[in-house]
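Enquirer: Next one to model:
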Amino acid sequence: MRLSSLFLLLPAFALGGCERITLDGEDHDDTDQGAIRWHRCPEPSSPDALVIPAVVSSERERNPDGTKLALFQCWEFKYAVPSVPGLETASLIPWGNFAESFQFDIKGAYHQPPHSPPAVSLIVFTSGEGTMTIPGTGQKWRGRGGDILIAADTDGSHEMDWKAGTRVVDFSFSDLEAIPAHEVVPARGA
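Expert: Numbers count the residues shown, from 1 in each chain. Model prediction:
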């Protein structure tokens, strides 16, 4: 299936750089320090922007197995059309061409071991919850219903812990040029 110029109407929200927190019963300790670094993006720089977390492959840092280390970033996109007639409170981002899309319904909670996506993707959480971890770093990001993530670590790796009842839609970009222009902005607390 080829989707061309899928337009998503998005509210101007941001997910909440990395901040240290003490472990609680839900999370496990991935680090020697006993702390987790939660990835939190800043508020958009203007009402005409959207900030989305992204996971990318490092060009310099490597995992012990030689694969590229995955890193969290925050990408700020500018709305192409500041308002849409008939939807005065909405803004529009033209995402470009998608090669294919999939809906995943997570029936039971499970841990997905380190892996990389086959293509750069826009991931939309419609319900439930998933926690992404960068192996060996203690860095985590939690997605819940309504959250969006760009998965671009195609030659790196991350792992996921999925809760039962989670639904995500994965839109794979046809190529890197299909991703709208964006700027990497510092995470909160970075």
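
Enquirer: Tell me where the model's unsure across the protein.
Expert: Applying pLDDT under 70 to the chain flags the ranges 1-35, 82, 189-190.

Enquirer: Could you rerun that using 80?
Expert: 1-36, 63-66, 80-84, 88-89, 189-190 (pLDDT under 80).

Enquirer: buried ones in stretch 105-119?
Expert: 106, 114, 116, 117, 119 (16 or more other Cβ atoms under 10 Å). Where C-beta positions appear, they are placed from N, C-alpha and C, glycine not excepted.

Enquirer: Need the residues that contact it.
Expert: Outside stretch 105-119, the residues within contact range by Cβ atoms under 8 Å, 6 or more residues apart in numbering are 57, 67, 70, 99, 128, 130, 135, 151-168, 172-173.

Enquirer: wait, is residue 169 part of a helix?
Expert: No: secondary structure of residue 169 (DSSP: H, G, I helix; E, B strand; the rest coil): strand, not part of a helix.

Enquirer: how close does it sit to residue 147?
Expert: As judged by Cβ to Cβ, to the nearest Å, residue 169 and residue 147 stand 12 Å apart.

Enquirer: the more surrounded of those two?
Expert: Using other Cβ atoms under 10 Å as the criterion, residue 169 and residue 147 rank with residue 147 on top: 19 against 14.

Enquirer: which residues pair with residue 125 across the strands?
Expert: residue 168 (DSSP bridges).

Enquirer: For it, give me its contacts.
Expert: 143, 144, 145, 146, 147, 148, 149, 166, 167, 168.
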